[in-house]
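# Following is a predicted model, sequence given first.
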Amino acid sequence: MKTLRQFSKTRFFSHARIITALVLILAAAAMAFMTASPRASAQPTARTQPLTPKFSAAVAFDVSPAVRNLPPATRPLVVQPNTVLEVRPERGPEVQSKGYSGDGALQPFSPAPTIPAPLLTFEGLSNQDNFDLYGGRVNPPDPNGEVGPNHYVEIINLVFAVYDKQGNRLTGPTKLGDLWTGFAIPDCTDPSGDPVIVYDQLEDRWLLSQFTTRGPIFYNCVAISQTGDPTGAYFRYAFSTGVNFPDYPKYGLWRNLYIITTREFGPTTEYGIGVYGLERDKMLAGDPNARVVSFFLDSAVVPINLIGDGLLPPDIDGRRMPANDAPAPLVGTQDDGGPYGATFDALNIWEFSVKWQANPVASIVLKTQLPTASFDSIFPCGLFAGQTSRDCLPQPGVAPTANNLLDILSYRQRPTFRLGYRNFRTYESLVTNQSVEALPAVAGARWYEIRRINGTYSIYQQGTYAPGDGVHRWMGSVAMDKNGNMALGYSVVNGTNVYPGIRYTGRLSGDPLGQMTLGEGTIIDGSGIQRTANSRWGDYTDMTVDPTDDCTFWYVNEYYTLAGQISSTAGWQTRIGSFKLPGCH
């Protein structure tokens, strides 16, 4: 495994002067049956060695200026308009498809569209904002956003903005690093990316984050709003990951924790999954001594198929918390056709527990493996000269070449953000999804509802949404409202007439299991294509639920317009939309 390349802000801009015609991933990435098939039952759990927690404190703390008072950023004229630079490629094995083997949860019909139209859509941040602020564009955007009582906050590579719930921008676009201006860990001020935002509805607070890429010591930079106003001041923390680079950080809210999971690379060949529990109560109070517990699930110790390319932490929806001392479930995925030697398709569920006391204790254990209906996560890519195994999905109006195909990212053995958690008193529900080869050479969205009852997990339902119209659906995010209705948002494209756009589907809680019954709605149709020398598409999108009514879904994703296509080979834009499913009030 190659040693991680390290880029400071200075090196990024310097490097950008000499490299042209590559895609600027600018630290952007530098930045867990019952369907038509029987309900899954747990298999005997593979044994893993006990893992030892490491407790420490935040390495830095202070209070930021109010976001609304941050000075406007100026654009450094450091790159040519069409300059693109890949700073931090997604690392790990890539594997060729062994051929389509069928999808055991493919929804057998395409329902007539009865899903309600969006209540609202508005334009979010774009790569033009990066150009205006940094003098260069980035790829992928990693669009992420959260909704609160009065605001929507969007965060992407490498900027963020605050909107009111009518779509009016209140602050921004603001450079991610500007949120940490003057911080004791200067790495946090770099344009590093992989940002995540969490709205903590239990305490009406906002969490904004990014990782660092400078090294040789790395950090998760975490900011917690002092109040429910995301335009105000934030408590700023830095938590060290040591010499391990914390790739692909994902955040979740638990009863006494903010949880971070990472995909970590050491300075030589080390690889594993990092799991961090942050002392939530102290962070909310702005205590500089807030503690963190960390585990490193080292692939040299833990069978790699059990951790794959990442575990998702739970993120509470609604206001009903988990029971006292209930462990937090972390969900991963494995494919028997994937690169890590899995012998069956499954969801792997780990349980993470922390007790904050004078002498804190913590544990993480592989709780169970849940076999899923069969799926293929390895899409048939890299089939002609010059095409890599990341060049996958065709776009309209151009012959499929390595420079205009889009990355499905399904070969990464992990579910896609978020892992939405709800406590329904008699059971707990977890929902997530992943991209798969649903039909031969057609991408679809596999989604899951996992239930935990008296500590026992099962896949209550699962389905693959791919209506058979030749349109690729991928890079999804799923959530559940207070009535148990589910909504799934995703990207769409095909090679003839569907430009990269944003759609959604849904089901009601009493509908036949394993089926998205309401058909498809559209947030926005695309009208342009991506033309980069690198096929990267956003590594995650975000479906969240409005805490005001616990019914309205808000979704953010990327898309292309013709104007965006003309502006740059990576001229993506983002769109934010809200909608509500029938019967939820």
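Structure received.
# Next secondary structure element downstream of the host helix or strand of Ile523?
According to DSSP states H and E, Ile523 maps onto strand 520-524. Next helix or strand after strand 520-524 toward the C-terminus (DSSP H and E): strand 542-545.
# Check which helices and strands that following strand sits against.
Here strand 542-545 touches strand 144-147, strand 416-423, strand 472-480, strand 486-493, strand 553-559, going by 3 or more Cβ pairs under 8 Å, 6 or more residues apart in numbering; DSSP states H and E. (Each C-beta comes from the backbone N, C-alpha and C, glycine too.)
# Is it possible to get TSV of those strands that adds distance to Leu120, mean neighbour count and mean pLDDT?
Shown next, in TSV, are the helices and strands packed on strand 542-545 (distance: least, Cβ to Cβ, whole Å; neighbours: other Cβ atoms under 10 Å; pLDDT from 0 to 100):
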stretch	distance to Leu120	mean neighbour count	mean pLDDT
strand 144-147	11	27	98
strand 416-423	21	26	98
strand 472-480	17	28	98
strand 486-493	14	27	98
strand 553-559	9	28	99
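# Now render the ones you listed as CSV, adding distance to Gly232.
Below are the helices and strands packed on strand 542-545 laid out as CSV (distance: least, Cβ to Cβ, whole Å):
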stretch, distance to Gly232
strand 144-147, 16
strand 416-423, 25
strand 472-480, 27
strand 486-493, 29
strand 553-559, 21
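# follow-up on the earlier one: note down every partner strand of the strand holding Ile523 and its orientation.
strand 501-507 (antiparallel) (DSSP bridges).
# List the buried residues in stretch 158-166.
Leu158, Val159, Phe160, Ala161, Val162, Tyr163, Lys165 (16 or more other Cβ atoms under 10 Å).
# Looking at those, which are in strands?
Residues of the buried residues of stretch 158-166 located in strands (DSSP state E): Val159, Phe160, Ala161, Val162, Tyr163.
# show me the contacts for the third one.
Translated: Ala161. Counting by Cβ atoms under 8 Å, 6 or more residues apart in numbering, Ala161 makes contact with Gly124, Leu125, Val153, Glu154, Arg169, Leu170, Thr171, Gly172, Pro173, Thr174.
# mind running it again at 7 Å?
Counting by Cβ atoms under 7 Å, 6 or more residues apart in numbering, Ala161 touches Leu125, Glu154, Arg169, Thr171, Gly172, Pro173, Thr174.
# Count the residues that sit near the fifth one.
What that stands for is Gly172. Neighbour count of Gly172, defined by other Cβ atoms under 10 Å: 24.
# quick revisit: the contacts of Ala161: which two are farthest apart?
Within the contacts of Ala161, Leu125 and Thr171 form the most distant pair, 11.9 Å apart (Cβ to Cβ).
# More neighbours: which of those two?
Neighbour totals were compared for Leu125 and Thr171, and Leu125 leads with 27 against 18 (other Cβ under 10 Å).
# Please give the element, helix or strand, for that one.
Here Leu125 is assigned to strand 120-126, by DSSP H and E.
# what element comes up after that strand heading to the C-terminus?
Where DSSP H and E defines the elements, the next helix or strand beyond strand 120-126 is helix 127-134.
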